[in-house]
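S.K.: with the input below, show me the fold.
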Amino acid sequence: MHSLVNRAPVRLISSLISKKFHTSTTANMPIQIGDKIPSVDLYENTPANKVNIAEVCAGKKVVLFAVPGAFTPGCSKTHLPGYVKDADQMKSKGVGEIICISVNDPFVMAAWAKDQNTEGKVRLLADPNAEFTKAVDLQTELPPLGGTRSKRYSMIIDDGVVKELNVEPDGTGLACSLSKNIKL
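M.R.: Numbers count the residues shown, from 1 in each chain. Now for the predicted structure:
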């Protein structure tokens, strides 16, 4: 079994060779079950309304899912609507918040929330510079959508700790990260 210590030099050398520098303290490893959610500010509705995701997740159960982009077909027709539809059922099972994150600006996320009627069901938080997405190392490059975006995934967080993680195998598909697959 390879340990993080054994892989770290290889990743460092690889990043130096490709001239990509990543300043993550997680040694470029995706977030895993048992990890704490990083303390990163996201935005709700406007750039003036910062929301620290670690603070939001403290002391409660949170279902968090991410999408490659607001208003994109799979996200608007299937992914987000499933969570909106299932929100009351999830909350009846002890979920304190359901949060959708996307690498978009907060104005786009606010417009998408209004378009999808998410009020009181799902909070839409913007990660405009992909800071959270990179901190959990679940970014992907999608040039047609503007470059760096989030992979499609879902997770259950309990008091700031990841308890379940479902990352789509191709990063963008609609299978394991859907609301119907959340096991509460």
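S.K.: list the buried residues for the helix or strand harbouring residue 56?
M.R.: Per DSSP states H and E, residue 56 falls inside helix 53-57. By neighbour count with 16 or more other CB atoms under 10 Å, helix 53-57 contains the buried residues 53, 56-57. (Glycine included, C-beta is placed from N, CA and C.)
S.K.: stretch 127-137 now?
M.R.: Buried residues in stretch 127-137 (16+ other CB under 10 Å): 127-128, 130, 132-137.
S.K.: give the full set of residues in contact with the residue nearest to the spatial centre of the chain.
M.R.: Nearest residue to the geometric centre of the chain (CA atoms, centre = their mean): residue 66, 3.7 Å. Residue 66 makes contact with 100-102, 133, 138, 150-154 under the criterion CB atoms under 8 Å, 6 or more residues apart in numbering.
S.K.: rewinding a little: what's the mean pLDDT across the helix holding residue 56?
M.R.: Helix 53-57 carries an average pLDDT of 98.
S.K.: quick check: what element follows that helix along the chain?
M.R.: From helix 53-57, the next helix or strand downstream (DSSP H and E) is strand 61-67.
S.K.: re earlier: list of residues touching the helix holding residue 56?
M.R.: Under CB under 8 Å, 6+ apart, the answer for helix 53-57 is 36-42, 62, 64, 97, 99, 101, 125, 132, 157, 159-160.
S.K.: 6 Å - rerun?
M.R.: 37, 39-40, 42, 157, 160 (CB atoms under 6 Å, 6 or more residues apart in numbering).
S.K.: now stretch 166-176
M.R.: Against stretch 166-176 from outside (CB under 6 Å, 6+ apart): 68, 74, 78, 140, 151-154, 177.
S.K.: let's verify the residue nearest to residue 67 when sequence neighbours are not counted: helix, strand, or coil?
M.R.: Take residue 67 and drop its neighbours on the chain: the residue closest to it by CB to CB, 6 or more residues apart in numbering is residue 75, 4.1 Å away. Taking DSSP: H, G, I helix; E, B strand; the rest coil as the rule, one finds residue 75 in the helix state.
S.K.: now do residue 75 against residue 116, distance only.
M.R.: 9 Å (CB to CB, to the nearest Å).
S.K.: just residue 160 next, same as before
M.R.: Residue 160 is 27 Å from residue 116, by CB to CB.
S.K.: what of residue 173?
M.R.: Taken as CB to CB, the span from residue 173 to residue 116 is 20 Å.
S.K.: more crowded one of the two?
M.R.: More crowded of residue 173 and residue 116, by other CB atoms under 10 Å: residue 116, with 20 against 13.
S.K.: circling back to that earlier point, in helices only, show me the contacts of residue 66.
M.R.: With DSSP state H as the criterion, helices contain residue 133 from among those.
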